[in-house]
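1. next come a sequence and a model predicted from it.
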Amino acid sequence: MAGKKYRVAAERIDRSRRYPLEEAMKLVAGATVAKFDETVELAVRLNVDPRQADQNVRGTVVLPNGTGRNVRVLVLAKGEKEREAREAGADYVGGDELIRKIQEENWLDFDRVVATPDVMGQVGRLGKILGPRGLMPNPKTGTVTFDVAKAVREVKAGKIDYRVDKAGVIHAPVGKLSFGEAKLLQNAQALLDSVAKAKPASAKGNYVKSIALSSTMGPGVKVDAAAARSLTATT
C-alpha cells in the first residue's frame, strides 16, 4: 500500500496529461514523500536503437546547481599530475598501489574515477571491476585526460555522465528536492539541452519520444516532450 503522502502527491497529478516542464517540476518539487532529501530524476525515452553503435547516445553535462551529492573522486596518475589532482580536491590520488588495492581488496570507496592516458595500460586491468559499476574512465566523458585538475573540479561541481540504456531511455539525476523548483528546473534544462546536442545524425523522426520527472519516492509526472523539444531545438 502506498503511504498517505504518496497518495496525496499522486492525486494532484493528472495521469492522462503531459505537463510543460515548469509545471511538472512544480508538482514534483512541491511533494515531499520521504523523510530524507530525495533525488529528482529525469527519464528521457529516445527514438534510437542502442544496439547500433552510431545511436548509442551518451554524454556529459555540468549541472549549473550541482547534484547535491558529495562525490568522492579517485585520480589514477603519477608524478606532477598527482599533485595537481590533490590541489584540485581529489579524495584519493595514486597509481599502482591504488590499482592493486582495487584488484586485491575490491576497494570501491569512490564515486568517479579520473585517469591520465599514460596509466590507462594498468587501469585497463580493472575493467571487469569498474566497468559493470559505470566507473571505468573514458575519454568520451572527459575522465581520461592529462588535465586532471579540470576533470576533478568539474565532477565536484556537478558534472554527470548519462547514457541511453537497452530500452532507449536515459535516466539522470537533476538535483535534490531541497534545491527548490528554480534550481531543479535549471539543472533539468541543462540536461535536456545536452541530450538534444547529442542527437545522432542517423536518428530519424522525433528524437525525444517521451519524458518523465520524478523524485526518489514520489509519483512520476509525464512531461510534454514536444514542448521540451522546442526548448532544446538544435540545428
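-> Thanks, I have it.
2. can we go C-alpha only for contacts and neighbour counts from here?
-> Noted.
3. tell me the domain ranges of the protein?
-> 14-67+159-231, 73-156 (automatic domain parsing).
4. tell me the average confidence for the last one?
-> If I follow you right, that is domain 73-156. Across domain 73-156, pLDDT averages out at 95.
5. likewise for stretch 203-218?
-> 91.
6. can you pull the buried residues of that stretch?
-> For stretch 203-218, burial by neighbour count (16 or more other Cα atoms under 10 Å) applies to 207-218.
7. distance between it and the chain's centre?
-> 14 Å (Cα atoms, centre = their mean, to the nearest Å).
8. for the longest helix along the chain, give the mean pLDDT please.
-> Criterion DSSP state H: the longest helix present in the chain is helix 181-197. For helix 181-197, mean pLDDT rounds to 94.
9. can you lay out the domains of the chain as JSON lines showing distance to Val8?
-> Below are these laid out as JSON lines (distance: least, Cα to Cα, whole Å):
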{"stretch": "domain 14-67+159-231", "distance to Val8": "9"}
{"stretch": "domain 73-156", "distance to Val8": "35"}
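10. which stretches of the chain form helices?
-> Using DSSP H, the helices of the chain run over 4-11, 21-29, 80-88, 96-105, 120-123, 127-130, 148-157, 181-197, 225-231.
11. next, the angle from the first one to helix 21-29.
-> Orientation check (axes from the mean of the first three to the mean of the last three Cα atoms, to 10 degrees): helix 4-11 against helix 21-29 gives 160 degrees.
12. got a list of contacts for helix 4-11?
-> 31-33, 217-219 (Cα atoms under 8 Å, 6 or more residues apart in numbering).
13. and the pLDDT at the nearest residue to Ala157 once chain neighbours are set aside?
-> Nearest non-adjacent residue to Ala157, counting by Cα to Cα, 6 or more residues apart in numbering: Gly66, 5.6 Å away. The model reports Gly66 with a pLDDT of 92.
14. neighbours of Gly66, how many?
-> Neighbour count for Gly66, taken as other Cα atoms under 10 Å: 22.
15. that one reaches Gly158, doesn't it?
-> Yes. Applying Cα atoms under 8 Å as the test, Gly66 and Gly158 come out as touching, 3.9 Å apart.
16. could I get the buried residue list for stretch 132-140?
-> For stretch 132-140, by 16+ other Cα under 10 Å, it's 135-137.
17. hang on, I meant stretch 190-207
-> 190-196, 198-199, 207.
18. Serialize those residues to CSV and add fields for distance to Ala9.
-> Putting these into CSV (distance: Cα to Cα, whole Å) gives the following:
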residue, distance to Ala9
Ala190, 26
Leu191, 25
Leu192, 25
Asp193, 28
Ser194, 30
Val195, 29
Ala196, 30
Ala198, 33
Lys199, 34
Tyr207, 30
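19. which residues touch Glu181?
-> Glu181 neighbours (Cα under 8 Å, 6+ apart): 25-26, 29.
20. 10 Å - rerun?
-> 22-30 (Cα atoms under 10 Å, 6 or more residues apart in numbering).
21. tell me the buried residues within these.
-> Buried among those by 16+ other Cα under 10 Å: 22, 24-25, 27-29.
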